[in-house]
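Student: the following block contains a protein sequence and its predicted model.
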Amino acid sequence: VQLVESGGGLVQPGGSLRLSCAASGFTFSAYAMSWYRQAPGKARELVAGITSSGGNTDYVDAVKGRFTISRDNAKNTVYLQMNSLKPEDTAVYYCTAERSYRRGIIPPEYWGQGTQVTVSS
């Protein structure tokens with residue numbers, strides 16, 4: 001199983017970034033996908049999740065209305081569109097895969113290596 005994130009970087013407050021996660025080694029369309037993040041000195045937290053079909057999405061309150069999770073099962077890729085970024089969004093963002101979406105109650109089975117997002121002027 002491989003999950004490879006890309007698209008992170010440095011952006012000014014109010015800016016946008018689009019993260020991508022390319023998946024391989026498993027049946028992507030059968031897995032729920034999520035994005036987690038971990039800021040320095042803080043616990044890892046769920047950001048957003050999407051069911052295997054893409055029919056349902058879920059967001060933590062801190063990103064609702066600003067972030068959008070989506071997936072393309074034909075391309076084995078999940079995305080996180082991040083708009084109106086704030087300094088508190090600065091973190092390493094991780095792509096994850098799990099057979100059933102559990103909203104962080106149980107950690108997902110598979111994790112990517114992470115991509116750094118820094119929001120700063």
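Tutor: That came through fine.

Student: from now on I want contacts and neighbour counts done on CA atoms only, so please keep to that.
Tutor: Will do.

Student: where's the most centrally placed residue in the chain, which helix or strand?
Tutor: Nearest to the mean C-alpha position of the chain, by C-alpha atoms, centre = their mean, lies residue 35 at 2.3 Å. Under the criterion DSSP states H and E, the helix or strand holding residue 35 is strand 32-38.

Student: quick check, the residue nearest to the centre of the chain in contact with residue 96.
Tutor: Yes - taking C-alpha atoms under 8 Å as the definition, residue 35 is a contact partner of residue 96 at 6.1 Å.

Student: centre of the chain to the strand holding residue 35, how far?
Tutor: 4 Å (C-alpha atoms, centre = their mean, to the nearest Å).

Student: again, but for stretch 41-53
Tutor: Taking C-alpha atoms, centre = their mean, the mean C-alpha location of stretch 41-53 is offset from the chain mean by 6 Å.

Student: show residues contacting it.
Tutor: Stretch 41-53 is contacted from outside by 28-38, 56-60, 63, 68-71, 73, 100-101, 103-104, using C-alpha atoms under 8 Å, 6 or more residues apart in numbering.

Student: among those residues, which ones are buried?
Tutor: Those of the contacts of stretch 41-53 that meet the buried threshold are 28-29, 31-38, 57-59, 63, 68-71, 73, 101, 103, by 16 or more other C-alpha atoms under 10 Å.

Student: so what's residue 94 scoring on pLDDT?
Tutor: Residue 94 is assigned 98 on the pLDDT scale.

Student: cool, residue 76 as well?
Tutor: Predicted confidence (pLDDT) for residue 76: 98.

Student: what's the answer for residue 104, then?
Tutor: Per-residue confidence (pLDDT) for residue 104: 89.

Student: within the helices and strands, which one has the residue lying closest to it once chain neighbours are set aside?
Tutor: With C-alpha to C-alpha, 6 or more residues apart in numbering as the criterion, residue 104 has its nearest non-adjacent residue at 6.2 Å, and that residue is residue 46. Per DSSP H and E, residue 46 falls inside strand 45-50.
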